[in-house]
Every structure is written in structure tokens, then in C-alpha cells.
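Participant: Sharing a model that was predicted from the sequence below.
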Amino acid sequence: MRHLVIASALLAALGPVSAPPMHAAAAVPPGHVYFWPDPNQMGPGGAWDYAPPGYREADTRVKRHAYSFDSRASVTVYAISYQPGSCLYRAIYPDDYSNNWEWATKFDGVSDTTMGCQPG
């Protein structure tokens, strides 16, 4: 019983222990752009990764649901949004990021060109 009292006293003295947040932002490697399904670079399943060149359709976790991103690409890339009869793009510059992206519900994919889309 005495060991239990001592252990309880030690734990109380240490204070609350908190675990790191689940799916916290990971360091984005050079040449890549990460998109997260939640604000503040978080979300279930972690980040979805794009690296130029070419076009990639967004993963279902972030398609029309990319609430944050971080770009370490060395070139400008373009978020693409398909609209009825057209498409829009939004430039993402090197070292650009957003923790609460206004394009979250428009994001369908990303490319290293505008793909003939209009600015949006």
C-alpha cells in the first residue's frame, strides 16, 4: 500500500501528461506540397503529398476538403477546381502555406501548369 501512495504522490507532482496531437503537421520535404483535410495542417490520415511535375487528382481525404496546405516546391504549382463546363486555378507559390485555406471546398487536384483553366 505504501508503494501505491508514493507512486500516486509522484504522479501528482509531475502534473498532467499530454500526448502529442494525433496527425500533427509533418515537416514537408523540399520539392513537395502537402495538403491536409483539417485546418492547422492536421487531419485523419495525415497529409496528402504532391510533387511536381504533372497533374494529380486529389486523394479523397482532401478532394474538395483541403483546409490547409504547405508548399516546399521550388516552382509555382496550381490548385485546380473543375466547374461545370470550365475549370479554375489558384497559384501556390514556393514556401506558400495556409492554415485555413479559402479554396478548401474547391480543390480537385494540383498541377505544375494552369491546364488552360481560368484564375479563380
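Facilitator: Happy to help now that I have it. Residues are numbered from 1 along each chain as shown.
Participant: Show me where the chain has its helices.
Facilitator: 2-14 (DSSP state H).
Participant: Give me the residue ranges of it where confidence is low.
Facilitator: Scanning the chain for pLDDT under 70 picks out 1-26.
Participant: so where do the strands sit in the protein?
Facilitator: Counting by DSSP state E, one finds strands in the chain at the ranges 33-36, 48-50, 56-57, 68-71, 77-83, 86-92, 97-98, 109-111, 118-119.
Participant: Out of these, the one nearest M42 is which?
Facilitator: strand 33-36 (5.9 Å; C-beta to C-beta). Using the backbone N, CA and C atoms, a C-beta is placed for each residue, glycine as well.
Participant: now for that closest one, which elements pack on it?
Facilitator: Packed against strand 33-36 by the contact rule (3 or more C-beta pairs under 8 Å, 6 or more residues apart in numbering; DSSP states H and E) you find strand 48-50, strand 68-71.
Participant: What pairs with it, parallel or antiparallel?
Facilitator: Strand 33-36 pairs in its sheet with strand 48-50 (antiparallel), strand 68-71 (antiparallel), by DSSP bridges.
Participant: From the chain's centroid, how far away is the last one?
Facilitator: Centre-to-centre, strand 68-71 and its host chain are 5 Å apart (C-alpha atoms, centre = their mean, to the nearest Å).
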